[in-house]
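Engineer: Need coordinates for the following:
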Amino acid sequence: MKKFIIAASLIFLGLGSAFAQQGKQAVGGSLSYGTETESMGIGAKYQYNITNEIRIEPSMDYFFKHNGLSMFDINANVHYLVPIASNVKIYPLAGFTFTSWHQDLGIGAGFGASTSKFGVNLGAGMEFALDRNWNMNFEMKYQLISDLDQAVFNLGVAYSF
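Structural biologist: Below you'll find the model as predicted:
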């Protein structure tokens, strides 16, 4: 199962460069909140529209340390964009995640327990076109990870080119 998840993640990440000249692209950042880490995070993302409706989004997030727990994740998600107004789209999302969690043990700097696992992302979002090049989005996804499940709420901006 792990080999399948790794292979599928690499395919999703590779699609962005394979079709780089065929569709709309965007880069952006985000602020996130994770329910299991109970902390805020920052992230970066790249978006590529394979078609007008289907978009891939590789991204990564870092959740700041809270109660000795911090987390980093790398995601590869697919969005299916559905316009509901001239400047508003909603989308379901599905994809894969790789997470790395670190829990400080409180006995000194750098001492702690780390766990890295693969998982699945499921969620939905809404995107607002602010102008021709700038978009803002709100997204909620649930990361299904063995023993480390969490909901992630995300507020982001992206510049399209």
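Engineer: which residues in the protein form helices?
Structural biologist: 2-18 (DSSP state H).
Engineer: how about low-confidence regions in it?
Structural biologist: Scanning the chain for pLDDT under 70 picks out 1-22, 107-110.
Engineer: Report whether the expected contact of residue 44 with residue 58 is present.
Structural biologist: No - taking contacts as Cβ atoms under 8 Å, residue 44 lies outside contact range of residue 58: 9.4 Å. From N, CA and C alone the C-beta is placed, and that goes for glycine too.
Engineer: Neighbour count: the two, which is higher?
Structural biologist: Comparing residue 44 with residue 58 by other Cβ atoms under 10 Å, the one with more neighbours is residue 58, at 20 against 14.
Engineer: which residues does that one bridge with?
Structural biologist: On the basis of DSSP bridges, residue 58 is bridged to residue 76.
Engineer: how close does it get to residue 37?
Structural biologist: Noted for residue 58: a distance of 21 Å to residue 37, by Cβ to Cβ, to the nearest Å.
Engineer: One more: residue 139?
Structural biologist: 17 Å.
Engineer: Surely residue 30 and residue 42 touch.
Structural biologist: Yes - the criterion here is Cβ under 8 Å, and residue 30 meets it with residue 42 at 7.1 Å.
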